[in-house]
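In: coords please:
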Amino acid sequence: MLIESRPALDPELAALVTAQQREIREVDKGMNTAVFVPHDDAAYLVAVVEHRAVACAAWQAVEDDVAELKRMYVRPAFRGRGIARQMIVAIEEEALAAGRPVIRLETGDYLPAAIALYQSAGYRQIPAYGPYVGNPYSVCFEKRLAALV
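Out: Prediction:
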């Protein structure tokens, strides 16, 4: 597996994000109506297995020392292989190298596998932050990476 940076408008990244949004809408019965808008100030990563883009994740600076992990997704046929965990590590390494020793993220309470993944990767639940305040389905997490240096 290769994890590589991709531009915001990369077509393989777009296909992964579209699949992610479709899957979330099926699980949450349409509660999440957010539409993906690529951001030039976000760093996008794609995992490639046998020349096929199978997973994505991104991080974006949100405060002086904080990055937000976004768009984590692994195609269903490739789950259970540790790809998501490797994507998290890659995001953490990039964010830390960019001077962002704190990573935050938001997921839905209807995604227990995602919650378990983040908790097993050392993320602790925190109160909702930023645009997630007041969303009854949001579950937010944070991890301090400074100890990794």
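
In: low-confidence stretches in the chain?
Out: Across the chain, the ranges flagged by pLDDT under 70 are 29-37, 147-149.

In: quick one: buried residues of the helix ranked longest in the chain?
Out: Taking DSSP state H as the criterion, the chain has its longest helix at helix 11-28. For helix 11-28, a neighbour-count test (16 or more other CB atoms under 10 Å) marks Leu13, Leu16, Val17, Gln20, Gln21, Ile24 as buried. (Glycine included, C-beta is placed from N, CA and C.)

In: tell me the helix or strand right after that helix.
Out: Toward the C-terminal end, the helix or strand that comes next after helix 11-28 (DSSP states H and E) is strand 42-49.

In: who does the next helix or strand after that following strand pair up with?
Out: Using DSSP H and E, the next helix or strand after strand 42-49 towards the C-terminus is strand 52-63. Next to strand 52-63 in the sheet, as set by DSSP bridges, lie strand 42-49 (antiparallel), strand 66-74 (antiparallel).

In: pull the residues that contact strand 52-63.
Out: 6, 12-13, 15-17, 20, 39, 41-48, 67-75, 77-78, 83-84, 87-88, 90-91, 94-95, 98, 100, 103-104, 130 (CB atoms under 8 Å, 6 or more residues apart in numbering).

In: what's the angle between that strand and helix 11-28?
Out: 80 degrees (axes from the mean of the first three to the mean of the last three CA atoms, to 10 degrees).

In: tell me how far strand 52-63 lies from the chain's centre.
Out: Relative to the chain's own centre, strand 52-63 is displaced by 6 Å; criterion: CA atoms, centre = their mean, to the nearest Å.

In: before we move on, back to that, could the strands paired with strand 52-63 be laid out in CSV, adding mean neighbour count and distance to Cys56?
Out: Below are these laid out as CSV (neighbours: other CB atoms under 10 Å; distance: least, CB to CB, whole Å):
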stretch, mean neighbour count, distance to Cys56
strand 42-49, 19, 5
strand 66-74, 22, 5
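
In: and those strands as CSV, adding distance to Arg144?
Out: Listed next are those as CSV, based on distance: least, CB to CB, whole Å:
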stretch, distance to Arg144
strand 42-49, 19
strand 66-74, 10
